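**Student:** For reference, the sequence and a predicted model appear below.
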Amino acid sequence: MFKYVIRRVITSVALLILGSMLVFLLMRIIPGDPTITKLGGSIKDVDAQTVESIRSELGLDKSIPQQYLDWVSGILRGDFGASYFSQFSVTSLIEQRYGATLLLAFMAMVIGTLIAVPASVAGAIWQNRILGGVLSGFAAVGIAIPTFVIGIMLIIALGAELGLLPTQGYVSFRRDPFGSIESTLLPALTLGIGVAAATMRILRPSLVDVEHAPFVRTAKGKGLVRRQVVVRHELPNASIPAITAAGIIMAHLVGGAVIVEYVFARPGLGSLLVDSVYQRDYGVLQTLVLLAVAVFIVTSLVADIVLGFVDPRLRTQAVT
Amino acid sequence: MTAIAPTVSGAFETGRSDSVIRRLLRRPAAAISAAVVAILLIATLAAPLVAPYSPTDLDYTHLFAPPSWSHPFGTDELGRDLVTRILYGGRTSIVMGVAATALAMLLGVTWGFTAALRQGWTDEMLMRLADMLMAMPVILIALVLVAAFGSSTPSMIIILGLLFSPATARIARSSLLGELRTDYYLSAVSVGATGRRILARELLPNTLPVLIARATIVLAEVIFVEASLSFVGLGVQPPSTSWGTLLQQGYANLYSSYWYPIFPGLVILVAVLALNTLGDNLQQVLDPSRT
């Protein structure tokens, strides 16, 4: 087990380094000069000396490999570099914003799981066509329905019309935990429906797959009732593909968060991303993209390690 | 009963594409979604003939009107009919979607076929690159590319096309690898047909159904992402209208009219759902083993 974990960690670190290079190169290839952003538009009215001093301030006068090393060594010290647009450093911009996104992602994950797992289990226990059809329909619509459409409908139904929940903004968790969770409920529900649909699309077919496994026959044979067979024997085995796909579901979550934060006017990392695209702030942009890549890689790593515990077969095989 | 039917018809099939369409339309979900897609395509492309009003007709006596017989989807902030605006906006969404899908297919198929035909080191490199690009959330890369290339129509098409090419490459590669193991391919090689002739006359037609299924799903995803980008104001720019910009304007006027954002949202949902269902069913009909 220890060797398996070490091997997976090394692969992930290598992937992360590769990913950071890719992000950095991407940001250098794309057109647009950060000095112009910093100056706020035109470069013509400014003398060459000012341009030069801004370039050296941003470290743009160094060679590309040197710039990359500066960037990475800064990140390792917790310094994400300078924003090309605002006066704040990227680190402080992210510090102000990550709370809203973290709480949103966490609550969406919880809500998504709370919908997907019981629904899939119910579908496996009571195998009738109507319930199956309803669940498949929910999964298909849940995948296809754009996040902003769910968000707008929830705002209209629960927020604007009934006035049950706040529809805009975010209260800091540290200042007011209850208010913070309350302000996150609608966005998290919006995002959670998509997460639930994505999870159900993986979980339900794999529940059908394990239906004919020998251990299920044994469990039935020793006289367990249907509910026990499904919950104790089928679900743990069927959840393996769902855990494997955690990285993909996470990517879904990150993408959805960008839109959801816009719909609900949440000051999170997603809205920071949209703002920095508007402002062509590549300093913030490259950090956020790198963070998203890191989240994906770390989620996959954690999922693989969890799988190693759940499924002993994986530890002995050469899994990379 | 239903489980046997496909195998029987499959055993006697002669014209492959013909029987694929028949088998597809025998599935209720597929038939309905095919009809929905056809209606949407015709209605939006023929918008000037079908639309009840002109998209520039202003009516200051009916601002934010709720649905009624004269305006089934209501009206917007300038009293324009929303059915009309959605039909005209759909032209942008669909034309852009089809163009981007074509680009994604062209790039993806070239990418995937190159990997499958070259194999070895080239294959490994190309597919690792595809995997890495696929690992990043689509919206995220789309936003970065919009920051770089702007959001004019040509650059939106390029961005969306680039975005969906890696996943297409993966599917194109695996479908071609499947064909390379078949007898007809080996016999074509053994009679001495040239590489280009085999590719154009034998391999491409046989991978085509899989690629068409893929294109259907790409189109759904392109429409989805275009709407998302336009919704946050980074996609199609007003005065051009797409389903995404209509939704954005509707959302901005949410408290004046609940109906305004709902109908563009529903149309996007229906289009994406129908295309997805069609693509999924096409895949299942083509390759029953994978379901």
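**Tutor:** Good, I have the coordinates.

**Student:** what residues does the stretch 1-150 of chain B put near chain A?
**Tutor:** B:132, B:135-141, B:143-149 (CB under 8 Å from any CB of the partner chain). Yep, even glycine has a C-beta here, placed from its N, CA and C like the rest.

**Student:** Identify the residue nearest the geometric centre of the chain.
**Tutor:** Since you didn't name a chain, this refers to chain A. residue A:254 (3.2 Å; CA atoms, centre = their mean).

**Student:** that's the wrong chain, I meant chain B
**Tutor:** Centre-nearest of chain B using CA atoms, centre = their mean is residue B:219, 0.8 Å out.

**Student:** roughly how far apart are the spatially closest residue to that one that is not a sequence neighbour and chain A?
**Tutor:** Leaving aside its sequence neighbours, residue B:219 sits nearest to residue B:101 (CB to CB, 6 or more residues apart in numbering or on different chains; 4.6 Å). Using CB to the nearest CB, to the nearest Å, residue B:101 is found at 17 Å from chain A.

**Student:** From what I see, residue B:101 and residue B:222 are in contact.
**Tutor:** Yes. The pair residue B:101 / residue B:222 is scored as a contact, 5.7 Å apart, by CB atoms under 8 Å.

**Student:** Name the residues contacting each of the two.
**Tutor:** Between them, residue B:101 and residue B:222 share these contacting residues under CB atoms under 8 Å, 6 or more residues apart in numbering or on different chains: residue B:164.

**Student:** These two: who's more crowded?
**Tutor:** residue B:222 (28 against 25; other CB atoms under 10 Å in any protein chain shown).

**Student:** Please report how far that one lies from residue B:103.
**Tutor:** Distance of residue B:222 to residue B:103, given as CB to CB, to the nearest Å: 10 Å.

**Student:** on that earlier part again, which pair in the residues of the stretch 1-150 of chain B next to chain A spans the largest distance?
**Tutor:** Spatial extent of the residues of the stretch 1-150 of chain B next to chain A (CB to CB) is set by the pair B:135 and B:149 at 21.8 Å.

**Student:** Check which helices and strands the helix or strand hosting the residue nearest to residue B:219 sits against.
**Tutor:** Assigned by DSSP states H and E, residue B:101 belongs to helix B:82-118. With contacts defined as 3 or more CB pairs under 8 Å, 6 or more residues apart in numbering or on different chains; DSSP states H and E, helix B:82-118 has these neighbours: helix B:28-45, helix B:47-50, helix B:120-135, helix B:153-163, helix B:165-180, helix B:204-231, helix B:243-252, helix B:259-286.

**Student:** Turn those into a markdown table, including distance to residue A:266 and mean pLDDT.
**Tutor:** Formatted as a markdown table, those follow (distance: least, CB to CB, whole Å; pLDDT from 0 to 100):
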| stretch | distance to residue A:266 | mean pLDDT |
| --- | --- | --- |
| helix B:28-45 | 33 | 90 |
| helix B:47-50 | 36 | 81 |
| helix B:120-135 | 25 | 83 |
| helix B:153-163 | 25 | 90 |
| helix B:165-180 | 30 | 89 |
| helix B:204-231 | 15 | 89 |
| helix B:243-252 | 15 | 89 |
| helix B:259-286 | 18 | 88 |
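
**Student:** Need those in TSV (columns: distance to residue A:27).
**Tutor:** Shown next, in TSV, are the helices and strands packed on helix B:82-118 (distance: least, CB to CB, whole Å):
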stretch	distance to residue A:27
helix B:28-45	37
helix B:47-50	40
helix B:120-135	15
helix B:153-163	16
helix B:165-180	19
helix B:204-231	19
helix B:243-252	26
helix B:259-286	31
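
**Student:** can you tell me which of those comes nearest to residue A:103?
**Tutor:** helix B:204-231 (22.3 Å).

**Student:** Now do the closest one: distance to the chain's middle.
**Tutor:** The chain centre lies 3 Å from the centre of helix B:204-231; the measure is CA atoms, centre = their mean, to the nearest Å.

**Student:** and it, which residues are buried?
**Tutor:** Applying a neighbour-count criterion of 16 or more other CB atoms under 10 Å in any protein chain shown, one finds B:206-207, B:209-231 buried in helix B:204-231.

**Student:** do stretch A:137-151 as well
**Tutor:** A:138-151.

**Student:** can you narrow the residues you listed to ones near chain B?
**Tutor:** A:140-141, A:143-149.

**Student:** In helices only, show me the residues you listed.
**Tutor:** A:140-141, A:143-144, A:147-149 (DSSP state H).

**Student:** all strands of the stretch 151-300 of chain A, in order?
**Tutor:** Per DSSP state E, counting those that start in this stretch, the stretch 151-300 of chain A carries no strands over any range.

**Student:** ok, of the ones next to chain B among the buried residues of stretch A:137-151, which one's closest to residue B:83?
**Tutor:** residue A:149 (18.2 Å).

**Student:** ok, that closest one touching residue B:267?
**Tutor:** No. At 9.9 Å, residue A:149 does not count as touching residue B:267 under the criterion of CB under 8 Å.

**Student:** Up against chain B, what does the stretch 51-200 of chain A have?
**Tutor:** Residues of the stretch 51-200 of chain A lying near chain B (CB under 8 Å from any CB): A:140-141, A:143-149, A:152-153, A:155-156, A:160-161.

**Student:** Show me the helices in the stretch 201-320 of chain A, by range?
**Tutor:** Under the criterion DSSP state H, counting those that start in this stretch, the stretch 201-320 of chain A contains helices at A:214-221, A:226-228, A:235-244, A:246-263, A:269-278, A:282-310, A:312-316.

**Student:** With distance to chain B as new columns, can these be given to me in TSV?
**Tutor:** Compiled in TSV, the helices of the stretch 201-320 of chain A are given as follows (distance: least, CB to the nearest CB, whole Å):
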stretch	distance to chain B
helix A:214-221	21
helix A:226-228	24
helix A:235-244	14
helix A:246-263	4
helix A:269-278	4
helix A:282-310	5
helix A:312-316	20
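
**Student:** okay, those helices in TSV with distance to residue B:251 and mean pLDDT next?
**Tutor:** Compiled in TSV, the helices of the stretch 201-320 of chain A are given as follows (distance: least, CB to CB, whole Å; pLDDT from 0 to 100):
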stretch	distance to residue B:251	mean pLDDT
helix A:214-221	48	84
helix A:226-228	44	83
helix A:235-244	33	82
helix A:246-263	7	83
helix A:269-278	14	88
helix A:282-310	24	84
helix A:312-316	46	68
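
**Student:** what about these, which gets the closest to residue B:282?
**Tutor:** helix A:246-263 (22.4 Å).

**Student:** Remind me what the closest one packs against, helices and strands.
**Tutor:** Partner elements for helix A:246-263 (3+ CB pairs under 8 Å, 6+ apart): helix A:90-125, helix A:147-154, helix A:177-210, helix A:269-278, helix A:282-310, helix B:138-149, helix B:204-231.

**Student:** For residue B:64, find the nearest of the ones you listed.
**Tutor:** helix A:147-154 (15.6 Å).

**Student:** Where do the domain boundaries of chain A fall?
**Tutor:** A:1-84+A:281-320, A:97-279 (automatic domain parsing).

**Student:** All set, thanks.
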